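S.K.: Give me a model of this one.
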Amino acid sequence: MLMLDCITHISDEGGKYWRGEVIAEFAVTPESWFFGCHFKDDPIMPGSLSLYGLCQLLGFYLGWKG
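M.R.: The predicted model follows:
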């Protein structure tokens, strides 16, 4: 369940604490799989999926950083 489509920027400099930064994108469309099963008739993206995507991005960044 990959919650990232592409990484648009990655750097070991910058960020709030100057430890690096990474920026990624995830396309959310009306056909996204989670809309059909989360709050019938009032679909929203579950917050847990946003957190899961953030964890995936952090894991990628840590691997990239070594």
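S.K.: if I pick the spatially most central residue of the chain, what's in contact with it?
M.R.: The geometric centre of the chain, computed from its C-alpha atoms, lies nearest to residue 53 (Cα atoms, centre = their mean), at 3.4 Å. Each residue near residue 53 by Cβ atoms under 8 Å, 6 or more residues apart in numbering is listed here: 3-4, 24, 26. Yep, even glycine has a C-beta here, placed from its N, CA and C like the rest.
S.K.: separation between it and residue 45?
M.R.: 10 Å (Cβ to Cβ, to the nearest Å).
S.K.: what's the answer for residue 14, then?
M.R.: For residue 14, the distance to residue 45 - Cβ to Cβ - is 28 Å.
S.K.: quick one, phi psi at the residue lying farthest from the centre of the chain?
M.R.: The C-alpha centroid of the chain is most remote from residue 41, which lies 25.0 Å away (Cα atoms, centre = their mean). Taking degrees, to the nearest 10, you get phi 70, psi 0 for the backbone angles of residue 41.
S.K.: Show the pLDDT at it.
M.R.: Confidence at residue 41, expressed as pLDDT, is 80.
S.K.: Any idea what residue 23 is bridged to?
M.R.: As for beta bridges, residue 23 partners with residue 9 under DSSP bridges.
S.K.: thought it was touching residue 11?
M.R.: No: when contacts are counted by Cβ atoms under 8 Å, residue 23 is not listed as touching residue 11 (9.2 Å).
S.K.: Can I get stretch 45-63 in PDB? Just the C-alpha atoms.
M.R.: Extracted in PDB, the C-alpha atoms of stretch 45-63 (Å, rounded to 0.1, in the frame of the first residue of the first chain):
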ATOM      1  CA  MET A  45      -9.300  10.300   3.300                       C
ATOM      2  CA  PRO A  46      -8.600   8.500   6.500                       C
ATOM      3  CA  GLY A  47      -6.000  10.400   8.600                       C
ATOM      4  CA  SER A  48      -4.200   7.100   9.300                       C
ATOM      5  CA  LEU A  49      -3.300   6.900   5.600                       C
ATOM      6  CA  SER A  50      -1.700  10.300   5.700                       C
ATOM      7  CA  LEU A  51       0.300   9.200   8.700                       C
ATOM      8  CA  TYR A  52       1.200   6.000   6.900                       C
ATOM      9  CA  GLY A  53       2.400   8.000   3.900                       C
ATOM     10  CA  LEU A  54       4.500  10.200   6.200                       C
ATOM     11  CA  CYS A  55       6.100   7.100   7.700                       C
ATOM     12  CA  GLN A  56       6.900   5.700   4.300                       C
ATOM     13  CA  LEU A  57       8.500   9.000   3.300                       C
ATOM     14  CA  LEU A  58      10.600   9.200   6.400                       C
ATOM     15  CA  GLY A  59      11.800   5.600   5.800                       C
ATOM     16  CA  PHE A  60      12.800   6.500   2.300                       C
ATOM     17  CA  TYR A  61      14.600   9.600   3.400                       C
ATOM     18  CA  LEU A  62      16.500   7.800   6.200                       C
ATOM     19  CA  GLY A  63      17.600   5.100   3.700                       C
END
